[in-house]
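>>> when you get a sec, could you give me coordinates for this:
(one chain, ligands or ions: 1)
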Amino acid sequence: PIYLDHHATTPLDPRVQDAMLPFFNALFGNAGSAEHRYGWRAQEAVEDARARVAALVGARSAEIVFTSGATEANNIALMGSGDHAKRHLITTGIEHASVAACAAERERRGGPITILPVDRDGRIDPAQVATAIRPDTGLISIALANHEIGAIQPLDDIGNLARRHGILFHVDATQAAGHIPVSLPALQADFLSLSAHKLHGPTGVGALVVTRQARRHLRPILFGGDQERGFRPGTLPVPLIVGFGAAAEIAREAMPEESLHLAALRGRLLDRLAVLPGLRVHGGMRFRLPGNLNVGWPGLVARDLIDLLRDHVALSSGSACGSATLHPSPVLRAIGLTAEEALGGLRFGLGRFTTEAEVERAATAILRAAPLLRR
Ligand code: PLP
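Numbers count the residues shown, from 1 in each chain. Just a heads-up that it's a prediction; the model follows:
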C-alpha cells in the first residue's frame, strides 16, 4: 500500500541505515567504557551525533539528553520538573497522549492544571496563556506542531512570558523538528522533546533538550547510572543515536527543498480530493506542517474508508479504537467538530519519499471508494 501515515512514523532513510550499520557490528563498544578503543570509538560517535541533533534545533551539544523517544522525553520534562511550591501546569487540549497523560498524572498527584482551548485552526491564543498564569504556575507545555492536524503554534512570545514569571517552558517539537525550522534560542524554551523516527531516523531514540539554565530545575525519573548527566541513566543505544544524528543532519540540509516539495504534493492531494463535493478541511491551512492534511466528508466514517482501502493506501483516522467502540479524536473535538464529524477525520502524512504518482493513485482510490461508504 502507498504509505501516507508519516505522522505515525517515517521510513528509515537509506543513508541513515548506512551510518548505523557498523555500530551494530565492528564498532559495538559501550560509550561508557572509558578504558579502551571500543569505548572511545562509541563515545566519539555519540558525541558526533549529539552535535548534529543539537544543530537541528539551535541547541548546544551539552544540552542534549538522549532518551528512548519523545514519550520518554515528555515524561522527564513533565514529571521531573517543578517543585512543590510551583506545581500548576498550563497545557493545551490537543497535546499528544504522552503529554496529556502526564498532565493527568500530575493532577492526580494534586497538581492543578489549566488546559487551554484552541481555535478552529487548532491554534492557541498566546494572550490566554498570559491570563492562565497563576502565582503557583511552574510549567507551560505546548507542542510546536500538532500530530493530527499539523497546526503550528504561535509560541514566539511564550518563552519570554514564561521567563519573566519564573516559569519553565516545555515545547514538544516531535512533529516539527526536521520539517519546519525549530530554534531553541528563538523559542526561549527550557525543554524541547524530539524523536528520531519522525524524521526518517530509527525508532526507539529521541532526546530531551535541557538548557543550561533549566538543568537545576529538573530531577530524573529513572535512576541507576550517570549517563546523560544522570537525567537518563542506562547504557546508550549507540547505533540508534548515530542514526538520529545522521537523520538530523540530512533533515537540516533537506528541509528548505523538502518542505516545498511536500507542500506542493499536499496541495495536489487536496485539489484532487476536493473534486468530491462536501470535502471539509480540518484545521487551518496557513500555519500547518507542509506534509499534513486532515479532511472529512459528511456521513463518511474514516475507519470504514481506511479498512476498505487497506491493500492500497495506508493512512490514519487519528481516533483510538477501544474494544468495540471508536473514540473520536480529542484534537478534532477540540477544534470544534462534533463526535460524528471527528470520526470522519482522515489524517494524511506525506514524507520525503512520497511521489506525485503515489498521491495521484491514492486520491483516485479514495475518490472511488468514498461515495460507496457515505451514509
Ligand atoms: N509527541 C508528539 C507530538 C508525537 O506526535 C509523538 C508520536 O506520535 C510523540 C510525542 C511520541 O513520540 P515517540 O514515538 O518517540 O515516543
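>>> stretch 268-285 spans what distance, first to last residue?
This stretch, stretch 268-285, spans 14 Å end to end (C-alpha to C-alpha, to the nearest Å).
>>> buried ones in it?
By neighbour count, and taking 16 or more other C-beta atoms under 10 Å as the criterion, the buried residues in stretch 268-285 are 269, 270, 272, 273, 276, 282, 283, 284. In short, each C-beta sits where N, CA and C put it, glycine included.
>>> what of stretch 19-30?
19, 20, 23, 27, 29.
>>> what sits up against that stretch?
Contact partners of stretch 19-30, identified using C-beta atoms under 8 Å, 6 or more residues apart in numbering, comprise 36-43, 45, 202, 235-236, 238-240, 242-243, 245-246.
>>> filtering these by proximity to the ligand, which remain?
Among the contacts of stretch 19-30, not one lies near the ligand by C-beta under 6 Å from any ligand atom.
>>> among the buried residues of stretch 19-30, which are in helices?
Per DSSP state H, helices hold the following members of the buried residues of stretch 19-30: 19, 20.
>>> got TSV for the buried residues of stretch 19-30, with pLDDT too?
Listed next are the buried residues of stretch 19-30 as TSV, based on pLDDT from 0 to 100:
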residue	pLDDT
19	98
20	98
23	98
27	97
29	97
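>>> need the buried residues of stretch 19-30 in TSV (columns: distance to the ligand).
TSV is the format used below for the buried residues of stretch 19-30 (distance: C-beta to the nearest ligand atom, whole Å):
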residue	distance to the ligand
19	19
20	17
23	20
27	25
29	25
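>>> now the two most distant members of the buried residues of stretch 19-30.
Longest distance between any two of the buried residues of stretch 19-30 is 16.2 Å, between 19 and 29; criterion C-beta to C-beta.
>>> residue 213 - how many residues pack around it?
For residue 213, the count of nearby residues is 10 (other C-beta atoms under 10 Å).
>>> hang on, it packs against residue 191?
No. Under the contact definition of C-beta atoms under 8 Å, residue 213 does not touch residue 191, with a separation of 10.9 Å.
>>> sorry, back to before: ok, so of the buried residues of stretch 268-285, who is nearest the ligand?
Nearest to the ligand among the buried residues of stretch 268-285: residue 283, at 14.4 Å, using C-beta to the nearest ligand atom.
>>> spatially nearest residue to that closest one (excluding sequence neighbours)?
Beyond its immediate neighbours in the sequence, the residue positioned closest to residue 283 (C-beta to C-beta, 6 or more residues apart in numbering) is residue 149, lying 3.3 Å away.
>>> kindly report the same for residue 311.
Spatially, and ignoring its direct neighbours in sequence, residue 311 is nearest to residue 1 (6.1 Å; C-beta to C-beta, 6+ apart).
>>> okay, now that neighbour: neighbour count?
Neighbourhood size, residue 1 [other C-beta under 10 Å]: 13.
>>> can you tell me how far it is from the ligand?
20 Å (C-beta to the nearest ligand atom, to the nearest Å).
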